[in-house]
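Chemist: Turn this into a model:
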Amino acid sequence: METITVVIIVMILIVIGIVYATNQKKASLTEERERTKDIEAMTTATNVLSMDFLKCTRGSATRETCIDYYKIKALNNNVFKEENYLHFYRLFGESKIEIKIIKNITGKENENITIYSLEDTENKTSIIIKTPITIEDAVWNINYFGIMEVTAYR
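Modeler: This is a model prediction of the structure:
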């Protein structure tokens, strides 16, 4: 009788251990998935900032965190053309990239330009990465402060 009781107690402890280990693994996988989403969103933001054809230029030199205003406008008009779609989908995936240009403090003349928008309608989780940038208007020789907002849908 005593050996049966000991066997039952050992079995209960083994079951409790298995349940605990399973819950820990599940929590670890959830954390890893969230970390991966963050990295993918940051990669998308980095891809935008590293595009040479958007950067401000002076002669042959480029500035790292500066984006040309007119190049943004041109990209906005050409992203979803059939010949360009696959290239930008590979770079940005299911995300929305918006540039908020702050032209004055009152906010009356501020401008929002959506560079890319392919929102995932089925999956509602999203991560937003905001990056400060300089936007140069080369025609009027004016630099504006801007915020690039990348919303990655994963």
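Chemist: need the longest helix for this protein.
Modeler: Looking across the chain with DSSP state H, the single longest helix is helix 2-49.
Chemist: So which residues make contact with the helix or strand of the chain with the lowest mean pLDDT?
Modeler: Each helix and strand of the chain was given a mean pLDDT (mean pLDDT, DSSP states H and E); the minimum falls on strand 61-68 at a mean of 78. Contact partners of strand 61-68, identified using C-beta atoms under 8 Å, 6 or more residues apart in numbering, comprise 49, 52, 54-57, 99, 132-136, 138, 143, 146, 148. All C-beta atoms are positioned from the backbone trio N, CA, C, and that covers glycine.
Chemist: and of those residues, the nearest to Tyr85?
Modeler: Nearest to Tyr85 among these: Leu54, at 17.9 Å, using C-beta to C-beta.
Chemist: Surely that closest one is in contact with Ile72?
Modeler: Yes: contact criterion C-beta atoms under 8 Å: Leu54 and Ile72 qualify, at 6.6 Å.
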